[in-house]
Structures are given as structure tokens and as C-alpha cells.
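Asks: fold the following for me, if possible:
(chains A and B)
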There are 2 protein chains.
Amino acid sequence: MPNRKRAPARVRLLDAAEDMLREVGMAGTGIKDVVARSGAPIGSLYHYFPDGKTQLVCEALQIQADKSGELLKRFFDPTTSLATALRSLFNTAADGFERAGANKGCAIGAVTLDLMPGDTAVRSICRSTFDQWVEIIAPRVPCSDQRSRRSFAVTIVAALEGAFVLARAAHSGDPFRQVGKALAAMVSSAPRSAPRALE
Amino acid sequence: MPNRKRAPARVRLLDAAEDMLREVGMAGTGIKDVVARSGAPIGSLYHYFPDGKTQLVCEALQIQADKSGELLKRFFDPTTSLATALRSLFNTAADGFERAGANKGCAIGAVTLDLMPGDTAVRSICRSTFDQWVEIIAPRVPCSDQRSRRSFAVTIVAALEGAFVLARAAHSGDPFRQVGKALAAMVSSAPRSAPRALE
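Replies: Alright, predicted model coming up:
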């Protein structure tokens, strides 16, 4: 983020929080580390985020949720076949993962795996983000009934989140490419029988 | 774990570490919290794990890796169809997830999303565990070439890890059930065309 030093303190804090959430999840993201990484003055944290870490995490996640939703809508455009959309999405994710150093996951997924029972505000953002992704993908699934379209869309979202896990372990974007290829092959090889079998 | 209090301190420390890794990953697992949760004397930690947290995490993960490999071998038995194996695996995971309070992920996946560049020993266990799972599943995939069998197996492993993420967000085992159903439908609906398309 070359412009981070010139950005307002609020934006720098949110950018630094996002980076850390991607790298070590919510449990590993300490307020002091976020401030140090952002280069913002220490006093600015509670000025902009009076509710502290929870507010910072919620706002950083909501920005990611909005961005990712817009991005998914572009991939799963009604004029693009599902197989093409899947290949593009997973190949793009692979390239982005490697460009970012192959050590940053999905902030929403990483935070989700740290959720404690009291994290209701954060959980609500994670849950509604995944639901939103499913809602975007489901109409593109060539199944005749809504439940099957949802199951298939949930599987695509799960495979995407899981690909981040495998890619982090392998320190390579290849798991994204393998998953995108297999999912695309599955949907393009069985366009007629899949809907029936999925009902 | 009803027998924890009667188990030797070493086992109690490993059990407590596993619990915490499932709940909050590696970054959120503090040595003091593990000792407190285990009920073991504080001195026992460095007695049994002289290399501290890294050793404790590695040993706890290796136990999980061994157990999960054995479990997967039972699900993906050569006498069982892949569709049946997938439904059984994901339904069993859903039930186990809910029985455990719907707030525990996969220890290997949760730790993977916290990996820092210096965590070489831990990364090696995570990576080899996922590779082992892929090796167990790939021979059961009805594709004619090895690369496609691997891509499909990587997709199943990714979908399993991702289902833990979605289930944590939803506080329900349903994402596992939906993913298992969709994957089983995909493999059983296209037993002939899938192999060709996946090549």
C-alpha cells in the first residue's frame, strides 16, 4: 500500500487492521501492533474507534465484505457461464494471493475461525458476508430448484475459503487453480444431470 | 473430555492445546491459558515441552494429523462409492461439530491461517497433513488421469476446510450437510463425463 503514509490516520488504521486480520486472524491482531503498523499516532485509535478493537475489526471487515460482494458480482455476471466465472475467480484469487506474498488469507474467513461466543457483532458481519456471497452465486447455478442452487453455491464459497487454507499451507496459489479447474469441470460436464441429482 | 483430570499432565496439556487451537487458532493460543485450562501444574509445561509453544503446537497437531488420516481412510474405503463416502464424511463432521458446541474448527486449518514466515515446523505439519488427505481421497475419484484425480481431491479437502469456516460463522453444522450433498450429487451425476472434462 504505497499511499498508506499519506492517507488519513483512520484509513491507515483500517488498512493495517485488514493486513493483520489476513495474516493472523482476530485473536492474533493486537491493537498496539495495528497502531505500530499503521504509523498513525497512538491517540488516533480511540479517537476514531472509541469502542476499540471490536469496532476496528467490524469496520475493517465491513469494508472487505462490501468490496468482495462487488467483486463477486462482476465474476458471476449473468452473461458469463458458471464454468468461466469459476475459472476466472479462482485464477484471479491465485494470482492475487501470490502477488501479496502468499501469506495473507481472507480476512472474513480468518476472523471467523477465531470467533468466541461473545463476538456477536463480528459474527454477524462474517455470517451475513458469506450469505451475501451465496446469494450472488446461487442464481448462476444451473439447477432447477432453489435448495440445490443454494447447496451448490455454499459449496463454491466453502471451496474458496478452503482454498485460502490450503494455499497458506502450501505457500502457493496452486490450490486455488486446482479447485477452480475441478469445479469448472464439474459444472460444465454435467449441465443436465447435475440439476436433477442435486434436487 | 471427562477423563482429562485423571490423565497425565502431558496428555492434559496436549488436549487443552488442541481445544484452544480449534477455538482460536495458533495466534490466540497462549501458553498460560493452555496450562490453566489443562489443570496441569505450571512447571509441567516446560518439563514435557522444553521448546515451549512451538513444540506443544506441533505435537498437538501431529496427533490430530494422525487421527484424521486414519478417519479419512475409513470413510474413503475402496468398497464405498465416492458419493456415499462424501455424504458420510460431511454428515459426520456436521454432527460432531454441533455436538462439540458449534464453536470448534479444524485445528490444522485454524493454525494454517495464523502461519507466519518463521513457523517452518508448524507449516510443515499443516502442509503434509493436507497432502496426506489428498493422497487418501484421490484414488477414489473416478477420473482417468492422476492430475484430475488430485484436483478433485484438493477440491474436496478445500470444501471440508471451508465448511468449517461457514459452520463457525453460522453456528450450525448445516454448511457441512449442504456441501456433502452437493459434492455427492456432482460425483454421482456425472460418473462418465466428469473424468473426461477433468482431464
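Asks: ok, residue A:157 touching residue B:166?
Replies: Yes - using Cβ atoms under 8 Å, residue A:157 is in contact with residue B:166, at 6.6 Å. The way it works is simple: take the backbone N, C-alpha and C, and place the C-beta from them, glycine included.
Asks: need the overlap of contacts for the two.
Replies: Shared contacts of residue A:157 and residue B:166 (Cβ atoms under 8 Å, 6 or more residues apart in numbering or on different chains): residue A:130.
Asks: what's the neighbour count on residue A:152?
Replies: Counted by other Cβ atoms under 10 Å in any protein chain shown, the residues lying close to residue A:152 total 30.
Asks: oh, that last question was meant for residue A:32, not what I typed.
Replies: Other residues within reach of residue A:32, judged by other Cβ under 10 Å, total 9.
Asks: what about it, distance to residue A:51?
Replies: The gap separating residue A:32 from residue A:51 is 17 Å, by Cβ to Cβ, to the nearest Å.
Asks: equivalent analysis for residue A:26, please.
Replies: For residue A:26, the distance to residue A:51 - Cβ to Cβ - is 15 Å.
Asks: looking at these two, which one has more neighbours?
Replies: Per other Cβ under 10 Å, whichever of residue A:26 and residue A:51 has more neighbours is residue A:26, with 27 against 11.
Asks: which strands and helices sit next to the helix or strand containing residue A:97?
Replies: Using DSSP states H and E, residue A:97 maps to helix A:82-99. Judged by 3 or more Cβ pairs under 8 Å, 6 or more residues apart in numbering or on different chains; DSSP states H and E, helix A:82-99 is in contact with helix A:53-75, helix A:146-170, helix A:174-189.
Asks: show me what that helix is in contact with.
Replies: A:72, A:75-77, A:80, A:104, A:140-142, A:156, A:160, A:163-164, A:167, A:172-177, A:179-181, A:183-185, A:187-188.
Asks: and it, how far out from the chain's middle?
Replies: Taking the mean of its C-alpha atoms, helix A:82-99 sits 13 Å from the chain's own mean (Cα atoms, centre = their mean, to the nearest Å).
Asks: C-terminal to that helix, what's the next element?
Replies: Following helix A:82-99 in sequence, per DSSP H and E, is helix A:107-112.
Asks: which parts of that following helix are buried?
Replies: Across helix A:107-112, burial judged by 16 or more other Cβ atoms under 10 Å in any protein chain shown covers A:107, A:108, A:109, A:110, A:111, A:112.
Asks: swap in stretch A:95-106?
Replies: Those would be A:97, A:104, A:105, A:106, for stretch A:95-106 by 16+ other Cβ under 10 Å.
Asks: tell me the predicted confidence for the most centrally placed residue in chain A.
Replies: Note on chain A: the residue nearest the mean C-alpha position is residue A:106, at 4.3 Å, using Cα atoms, centre = their mean. pLDDT for residue A:106: 97.
Asks: just the pLDDT for residue A:1.
Replies: 47.
Asks: can you check residue A:42 too?
Replies: 88.
Asks: wait, isn't it in contact with residue A:35?
Replies: Yes - in terms of Cβ under 8 Å, residue A:42 counts as a neighbour of residue A:35; the distance is 5.4 Å.
Asks: who's more crowded, the two?
Replies: residue A:35 (21 against 12).
Asks: which stretch of helix or strand covers the more buried one?
Replies: Residue A:35 belongs to helix A:31-38 when assigned by DSSP H and E.
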